[in-house]
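Colleague: sequence-free structure coming up:
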Ligand code: 13P
Ligand code: SF4
């Protein structure tokens, strides 16, 4: 009998001594083959700990780069190398270098949704799950946060630090409007609303909970609400429903769909494992300083 694509992946995974790390936004059939499905922070931590020889990263470029930064001796594969993050490209090393020259003593906190070269110029990294903890860990009263202006502004509301925000944003989260949330609230008056910190301030102010993708999974599970409105990329609906089958999850907006997060297919994972294609390797002169910034965050 012929193997299914999922069986092929399992066989190749064993042959290659590989681990499959999958972001919470990936398509259901990719989440179903994961050794670990999680948010950016959980996936980085797992990458830093794994003993596997090969890491298959089902997510976008910056996530695979983070794994390469943390595990220089492992083969890191991104099954579709065209999967990027538009926000990560909203700050370049040249632009950041010019900004750092204006305030050379100000620490730079860089969201992991960024290129390895930008991480290499940073004091410390953060994710949506730990930005407040990271900001509070710094002795400086003033901080520059790149590239997400929404995460930076949200973090500023939770600390007494002065945070200067870079003007980047996620094109999907940033376009969710308060009007759309209000409409959903009217449709589901008893529902709670969860929002990702990449959403605009006006949207975050309406939220019952602001959390990373895995933070939302935990919040929904613990909540007594029967219905939850989900203010993040719609891929999260699948793990939410799987973890809490008795609850109803409603997308805050159908336009919250990240096309880059939907690029990887089961066949791509199998090909990548078989031929070791899609390798992501951060050059050593960038990896070393970038690792300092990522490692500092992980050790917090
Ligand atoms: P999380 O780290 O919360 O999973 O978010 C990653 C991301 O890309 C959000 O758009
Ligand atoms: Fe980047 Fe937004 Fe897609 Fe997340 S959802 S990977 S921030 S474009």
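Modeller: Good, I have the coordinates. Computed from a predicted model, the values in this text were never measured in an experiment. Numbering: from 1, shown residues only. Ligands and ions are numbered 1, 2, ... in the order given.
Colleague: Return the helix or strand in this structure with minimum mean pLDDT.
Modeller: helix 40-49 (a mean of 87; mean pLDDT, DSSP states H and E).
Colleague: can you tell me if that one touches ligand 2.
Modeller: No - on the criterion Cβ under 6 Å from any ligand atom, helix 40-49 is out of touch with ligand 2, staying 8.8 Å away. No exception for glycine: its C-beta is placed from N, CA and C like everyone else's.
Colleague: So what touches that helix?
Modeller: 19, 21, 23, 36, 38, 55, 57, 59, 63, 66-67, 70-71, 112-113, 127-130, 212, 214, 294-295, 297-298 (Cβ atoms under 8 Å, 6 or more residues apart in numbering).
Colleague: Buried ones in it, by neighbour count?
Modeller: Residues of helix 40-49 classed as buried by neighbour count (16 or more other Cβ atoms under 10 Å): 40-44, 46-48.
Colleague: Now find how far off-centre that helix is within its chain.
Modeller: 11 Å (Cα atoms, centre = their mean, to the nearest Å).
Colleague: from now on call the first residue 37
Modeller: Renumbered: residue one is now 37, and that last one reads helix 76-85.
Colleague: helices or strands next to the next helix-or-strand element following it in the packing?
Modeller: The element immediately downstream of helix 76-85 (helix or strand, assigned by DSSP states H and E) is strand 90-94. Using 3 or more Cβ pairs under 8 Å, 6 or more residues apart in numbering; DSSP states H and E, the elements in contact with strand 90-94 are strand 54-59, helix 76-85, helix 97-106, strand 111-113, helix 302-311.
Colleague: So for stretch 300-307, what gets flagged as buried?
Modeller: 300-302, 304-307.
Colleague: Just give me the closest of those residues to ligand 1.
Modeller: Taking Cβ to the nearest ligand atom as the measure, ligand 1 sits nearest to residue 300 out of these, at 14.3 Å.
Colleague: Please verify my assumption that that closest one contacts residue 61.
Modeller: No - Residue 300 is beyond contact range of residue 61, at 10.7 Å (criterion: Cβ atoms under 8 Å).
Colleague: got a list of contacts for stretch 95-109?
Modeller: So stretch 95-109 is contacted by 57-59, 61-62, 76, 79-80, 83-84, 86, 91, 93, 110, 112-114, 117, 119-121, 124, 148-152, 155, 296-297, 316-318, 320, 323, 326-327, 330-331, 334 (Cβ under 8 Å, 6+ apart).
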